[in-house]
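Asks: I'd like to go over a predicted model; first the sequence, then the structure.
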Amino acid sequence: MDQQKKVRVRIAPSPTGDPHVGLAYITLFNYVFSKQNAGELVLRIEDTDRTRYRRSSEERIIRSLNWLNLKWDEGPDVGGKFGPYRQSERLDIYKKYAEDLISKGKAYRCFCTPERLSQMRQKQKDEGSRFGYDGKCRNLSSEKVNSLLAQKTPSVVRLKMPEDGVIPIRDHLRGVIEIDASQLDDQILIKSDGFPTYHLANVVDDHLMQITHVIRAEEWISSTPKHVVLYQAFSWPEPEFIHLPLLRNQDRSKISKRKNPTSLDFYRRKGVLPEAMLNFLALMGWSYGEDKEIFSLDQMLEKFSFKNVSLGGPIFDIQKLLWLNQQYIQDLSEDSFIKHIQKNLFNEGYLRNLYSLTKSRLNSFDQFVDKFSFFFSGELDYQGLSILPKNRSLTDFKKVIKNLLERLDNLDNWDEKNLKEIFQNQLQEIAWKPKEYYMPIRLMTTGTKDSPPLVETLAVLGSEIVRYRLQNSLTYLSKKA
């Protein structure tokens, strides 16, 4: 790496779901490193997975990073323009570079059908052999390729990976990691729909955007050999790779929304201060030293070094986060405290959403907080609530709610119409009575039988809180059983 080259780093989220705490964790370290080195941070939207892409997710990612005040130098919202940072708008670029690789003999067109690939995988499974593409199309003649293209036979573009030897990965934190080339198959670069895979788009964009350091989670180490081979195929210099340790659940598994709330929107709604969240995420991968646990972003900028990054899997401990948040709350001035409550709990927009749901249920305003506390809280107390429907086993009930969670996870637009459709479809499929289906959901999400209309209430509560409460109540029922 040219030491005189300006430091440029990037974050490249995929807009396929909730804005994840892992994104904030990686963004923080990219941000700090770039600022320390008078460099630049690029935000790039990697939206080539069109089956899972959600425009609303993209908007929430930007909103969440703005909430944390982690500002980027290039990308959406900078200068009021999006700029060329959405991969779906760069398809011609990726196709050009894929064609360059084909012309150099570094890549090839593969015409294998999904049926043929499925049979290949089944055979490999039956024989207990290594899984991966078997190279059937790797050495097709140009005449054969042109003939198939003339017939408009669907194809993908694959990279010719080395068939033997080792592929060395140079990681700033781990040194040289050697990967056996025989364990890797010829990866797809361009899919049959014309969209690039993550691997090609990632490498091309990092090169064209002059990224000097790729700082990302260690889960990408397994993909890095493919990226190294791509850099070599293009004769491009590699960036410096820095793979940070993964955030983990208490059982040391990779952090997941099944065991921990992972949405930044959830923590914002719960009342976690952005300064506390950044402090907590910094502690996840790095030690300030001097047994100091509470420090500002400015203090981290002064002190940060990758030498103090621990490779042990950091535990995402919500109680530790809330303890830190408490310390930050204690330091708020009177004015800041009041402004935060007004802005985040009792802001005008949210109260307007509650107007039609709550006014008919009040005969005096002093009832408002008591009757509708579930609109402002995170967790609920399920003690004394009869959640499990009569004549339904806990096993069957949990299966229904887990299926509901899956449907809600995949819901792009969280509104009354779509929620009602999900409920009606599931109720029809399971053939339960409406009361034994809707009442448990009401209790799990509001903690009371006497709440405003369910669908309208859930629409106002929002996806993060609703899904968290459903999951939390399942945990409560399992422990109670």
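Replies: Done, it's in. Numbering: from 1, shown residues only.

Asks: count of neighbours near the nearest residue to residue 248 once chain neighbours are set aside?
Replies: Using C-beta to C-beta, 6 or more residues apart in numbering and skipping the chain neighbours, the partner closest in space to residue 248 is residue 313 (4.2 Å). To be clear about C-beta, it is placed using only N, CA and C from the backbone, and glycine gets the same treatment. Residues lying near residue 313 (other C-beta atoms under 10 Å) number 17.

Asks: the one 5 residues further on now?
Replies: By other C-beta under 10 Å, the residues close to residue 318 number 14.

Asks: how about it: what's its closest non-neighbour residue?
Replies: residue 260 (6.7 Å).

Asks: surely residue 372 touches residue 355?
Replies: No - Residue 372 lies out of contact with residue 355 (C-beta atoms under 8 Å); the separation is 11.4 Å.

Asks: same for the lengthiest helix in the chain, what does it pack against?
Replies: Identified as the longest helix of the chain according to DSSP state H is helix 463-480. Secondary-structure packing of helix 463-480 (3 or more C-beta pairs under 8 Å, 6 or more residues apart in numbering; DSSP states H and E): helix 264-270, helix 394-409, helix 434-446.

Asks: where are the low-confidence patches of the stretch 1-150 of the chain?
Replies: Within the stretch 1-150 of the chain, the stretches with pLDDT under 70 are 1-4, 78-83.

Asks: show me where it has its strands.
Replies: 8-11, 40-43, 107-110 (DSSP state E, counting those that start in this stretch).

Asks: CA atoms only for the last one, dumped as PDB, please.
Replies: In PDB, the C-alpha atoms belonging to strand 107-110 read as follows (Å, rounded to 0.1, in the frame of the first residue of the first chain):
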ATOM      1  CA  ALA A 107     -13.400 -15.700 -16.300                       C
ATOM      2  CA  TYR A 108     -15.800 -17.700 -18.400                       C
ATOM      3  CA  ARG A 109     -19.500 -18.100 -19.300                       C
ATOM      4  CA  CYS A 110     -21.300 -20.900 -17.600                       C
END
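
Asks: check which helices and strands that strand sits against.
Replies: helix 91-103, helix 142-150, strand 156-159.

Asks: one more pass at 6 Å, please.
Replies: The helices and strands touching strand 107-110, judged by 3 or more C-beta pairs under 6 Å, 6 or more residues apart in numbering; DSSP states H and E, are strand 156-159.

Asks: okay, domains of this protein per the record?
Replies: 8-89+247-330, 91-238, 362-480 (automatic domain parsing).

Asks: now, of the ones you listed, which is deepest in the fold?
Replies: domain 8-89+247-330 (a mean of 18; mean count of other C-beta atoms under 10 Å).

Asks: first-to-last residue distance for that domain?
Replies: 37 Å (C-alpha to C-alpha, to the nearest Å).

Asks: can you list contacts of stretch 378-393?
Replies: 270, 397, 436, 440, 443, 447, 469, 473, 476 (C-beta atoms under 6 Å, 6 or more residues apart in numbering).

Asks: now it: average pLDDT?
Replies: Taken as a whole, stretch 378-393 carries a mean pLDDT of 92.

Asks: how about it as PDB, C-alpha atoms only?
Replies: The C-alpha trace of stretch 378-393 is given here as PDB (Å, rounded to 0.1, in the frame of the first residue of the first chain):
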ATOM      1  CA  GLY A 378     -39.900  -1.100  25.500                       C
ATOM      2  CA  GLU A 379     -40.400  -4.300  27.500                       C
ATOM      3  CA  LEU A 380     -43.600  -5.400  29.000                       C
ATOM      4  CA  ASP A 381     -44.400  -7.300  32.200                       C
ATOM      5  CA  TYR A 382     -46.300 -10.500  31.400                       C
ATOM      6  CA  GLN A 383     -46.800 -11.600  34.900                       C
ATOM      7  CA  GLY A 384     -50.500 -12.600  35.500                       C
ATOM      8  CA  LEU A 385     -51.400 -12.500  31.800                       C
ATOM      9  CA  SER A 386     -53.100 -15.600  30.400                       C
ATOM     10  CA  ILE A 387     -51.400 -15.500  27.000                       C
ATOM     11  CA  LEU A 388     -51.600 -19.100  25.900                       C
ATOM     12  CA  PRO A 389     -55.100 -19.900  24.400                       C
ATOM     13  CA  LYS A 390     -57.100 -22.500  26.000                       C
ATOM     14  CA  ASN A 391     -57.000 -25.900  24.300                       C
ATOM     15  CA  ARG A 392     -53.800 -25.000  22.500                       C
ATOM     16  CA  SER A 393     -50.400 -26.500  23.400                       C
END
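
Asks: ok so, going back, in a strand, the residue nearest to residue 318, correct?
Replies: No - applying DSSP: H, G, I helix; E, B strand; the rest coil, one finds residue 260 to be coil, outside a strand.

Asks: quickly note the distance from it to residue 382.
Replies: Residue 260 is 19 Å from residue 382, where distance means C-beta to C-beta, to the nearest Å.

Asks: and what of residue 227?
Replies: Separation of residue 227 from residue 382 (C-beta to C-beta): 47 Å.

Asks: would you list the domains of the chain in TSV and tack on distance to residue 339?
Replies: Converted to TSV, the domains of the chain look like this (distance: least, C-beta to C-beta, whole Å):
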stretch	distance to residue 339
domain 8-89+247-330	12
domain 91-238	34
domain 362-480	17
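
Asks: quick one, what contacts residue 311?
Replies: Residue 311 touches residue 245, counting by C-beta under 6 Å, 6+ apart.

Asks: helix, strand, or coil at it?
Replies: Relying on three-state DSSP, one would call residue 311 coil.

Asks: which non-adjacent residue is nearest residue 448?
Replies: residue 374 (6.9 Å).

Asks: pLDDT at the one you found, what is it?
Replies: 95.

Asks: and residue 236, that's in a helix?
Replies: No - assigned with three-state DSSP, residue 236 falls outside any helix and is coil.

Asks: any idea how far residue 10 is from the nearest residue to it once chain neighbours are set aside?
Replies: Excluding its sequence neighbours, the residue lying closest to residue 236 (C-beta to C-beta, 6+ apart) is residue 207, at 5.1 Å. Residue 207 sits 12 Å away from residue 10 when distances are taken as C-beta to C-beta.

Asks: I'd like the strands of the stretch 1-150 of the chain as a markdown table, with distance to residue 237 appended.
Replies: Below are the strands of the stretch 1-150 of the chain laid out as a markdown table (distance: least, C-beta to C-beta, whole Å):
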| stretch | distance to residue 237 |
| --- | --- |
| strand 8-11 | 13 |
| strand 40-43 | 18 |
| strand 107-110 | 20 |
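
Asks: out of those, flag the one nearest residue 318.
Replies: For those, proximity to residue 318 was assessed by C-beta to C-beta; strand 8-11 is nearest, at 23.7 Å.

Asks: tell me what that closest one is packed against?
Replies: Applying 3+ C-beta pairs under 6 Å, 6+ apart, we find strand 8-11 packed against helix 21-36, strand 40-43.

Asks: and the contacts of the last one?
Replies: Around strand 40-43, the neighbours that count as contacts under C-beta under 6 Å, 6+ apart are 8-11, 30-31, 34, 72-75, 209.

Asks: can I get the CA coordinates of it in PDB?
Replies: Output in PDB follows, covering the C-alpha atoms of strand 40-43 (Å, rounded to 0.1, in the frame of the first residue of the first chain):
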ATOM      1  CA  GLU A  40     -12.500  10.100   3.900                       C
ATOM      2  CA  LEU A  41     -15.400   7.700   4.700                       C
ATOM      3  CA  VAL A  42     -17.600   6.500   1.800                       C
ATOM      4  CA  LEU A  43     -21.200   5.200   2.200                       C
END
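
Asks: with that, I have no additional questions.
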